[in-house]
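take this sequence and fold it.
(one chain, ligands or ions: 2)
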Amino acid sequence: MKKDIVSMNFEELSIELKEMGLPKFRATQIYDWLHKKCVASFDEMTNISKDLINKLNDNFVIFSCTIEKKLVSQYDNTVKYLFSLPDGEYLECVVMDYKYGHTICVSTQVGCKMGCAFCASGIGGFKRQLAPSEILGQIYAAQRDLGLRISRIVLMGMGEPLDNYDNVMKFLQLVSDERGLNIGMRHISLSTSGIVPRIYDLLNERLQLTLSVSLHAPNNEIRSKIMPVNKSWNIEELLNACKIYADTTSRRISFEYAMMKGVNDTPECARELSKRLKGILCHINLIPANEVPEKGHERSSDSSINLFKSILEKDGHAVTVRRTLGSDINASCGQLRREKIKENQN
Ligand code: SAH
Ligand code: SF4
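Ligands and ions are numbered 1, 2, ... in the order given. Predicted structure coming up:
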């Protein structure tokens, strides 16, 4: 089987090429083509001889995403891609155009095991893990297609990044490598539904990234109803890990809270949440929930979101309400793939 060259770090690539009898500068050249110029084939490597290109083709494969569908929002330039993978699976990613540059939201798994009640990504269950090259490939494909540089990354697409821990760590190493895209950890956010032991593992990596935690409820009763993960690691265990993480790294945790009408959006919920988060270095991000037909929840009204926000703010919390981007193109994760799977079934 051909080896996945894009998932290799510089040292691994150097060893592979050395074993093929190639001099060290070849590793520098090839790594540059793969991770800086982001080519999709060996044939594009113009400073490499035809012979060597053939040899590379015999031994390695460059993973690249095929664009199956591309939607551009008329309102805010948000671009959403549906990519197809060689094994017939589908992946989604979204590129958002912010004042300070382009941010990409990437997927880390095909499907998701976590089964959150409000999320389209888990519909159809978990399919498989994504390799580092397949996470990177989303960024490289978007950059090639749009002809621009991505400056920030959020791991908030389909899948639970901490359930694909080793591949996600390798991805982070590759994407922040100065020989590659060189995107600094401070420009990367990783979002988790709360796999507590992996949060401690991440803490031990001492990365400067932003940890986002999908909280979505102020207590175990509500959280266990909408997030099965809460039955494995409850809110006390989760918030304890978050406090230790924030205290040790001095980095603010970003708590995500999707506002769903009648589920988690009452003033009582706000007061309970406020108490719970007291003493944790954090930021609270309220997200007007995206409605997913199969899931049945409704988005909270603007007035209940504003009231919720003001209760938290009165207690001194830093709170933002996330803008809904690309509302005309189904930009929330899992939805395009869900439609595609349905389409294929018909
Ligand atoms: N699995 C990780 C990261 C991917 S989900 C996690 O759960 O954190 C990215 C974010 O989108 C999470 O905060 C998730 O809870 C949120 N999300 C999922 N479905 C949503 C919906 N229908 N409306 C609003 N936010 C949603
Ligand atoms: Fe998985 Fe995150 Fe969706 Fe939950 S919200 S099902 S963890 S992708």
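
around ligand 2, which positions in the stretch 151-300 of the chain sit nearby?
Within the stretch 151-300 of the chain, the positions near ligand 2 by C-beta under 6 Å from any ligand atom are 158, 159, 160, 193, 214. C-beta here means a position set from N, CA and C on the backbone, and glycine is covered the same way.

can you do 5 Å?
Within reach of ligand 2 by C-beta under 5 Å from any ligand atom, the stretch 151-300 of the chain has these residues: 160, 193.

which parts of the stretch 151-300 of the chain sit against ligand 1?
Going by C-beta under 5 Å from any ligand atom, the residues of the stretch 151-300 of the chain near ligand 1 are 156, 160, 191, 193, 214, 256, 258, 287, 289, 290.

show me the residues you listed that map onto strands.
Among those, the members found in strands (DSSP state E) are 191, 214, 256, 258, 287.

contacting residues for the third one?
Put plainly, it is residue 256. Contact partners of residue 256, counting by C-beta atoms under 8 Å, 6 or more residues apart in numbering, are 191, 212, 213, 214, 215, 216, 285, 287.

let's have the residues of the stretch 151-300 of the chain next to ligand 1 in JSON lines, adding pLDDT and distance to residue 281.
Formatted as JSON lines, those follow (pLDDT from 0 to 100; distance: C-beta to C-beta, whole Å):
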{"residue": "156", "pLDDT": "94", "distance to residue 281": "21"}
{"residue": "160", "pLDDT": "97", "distance to residue 281": "24"}
{"residue": "191", "pLDDT": "97", "distance to residue 281": "17"}
{"residue": "193", "pLDDT": "98", "distance to residue 281": "21"}
{"residue": "214", "pLDDT": "98", "distance to residue 281": "18"}
{"residue": "256", "pLDDT": "97", "distance to residue 281": "16"}
{"residue": "258", "pLDDT": "96", "distance to residue 281": "22"}
{"residue": "287", "pLDDT": "94", "distance to residue 281": "21"}
{"residue": "289", "pLDDT": "94", "distance to residue 281": "26"}
{"residue": "290", "pLDDT": "90", "distance to residue 281": "28"}
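
between those, which sits nearest residue 341?
Residue 341 lies nearest to residue 290 out of those, by C-beta to C-beta, at 17.9 Å.

compare the contacts of residue 256 and tell me which has the most neighbours.
Among these, residue 215 has the most neighbours (other C-beta atoms under 10 Å), with 28 neighbours.

that one and residue 255 touch, don't they?
Yes: counting by C-beta atoms under 8 Å, residue 215 does reach residue 255; the two are 4.7 Å apart.

before we move on, the earlier item: need the ones in strands among the residues of the stretch 151-300 of the chain next to ligand 1 in CSV (columns: distance to residue 181).
Below are those laid out as CSV (distance: C-beta to C-beta, whole Å):
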residue, distance to residue 181
191, 20
214, 26
256, 25
258, 30
287, 27
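
out of the residues you listed, which is nearest to residue 274?
residue 256 (16.0 Å).

for beta bridges, what are the partners of the closest one?
Beta-bridge partners for residue 256, by DSSP bridges, are residue 214, residue 285.

what does residue 191 give?
residue 212.
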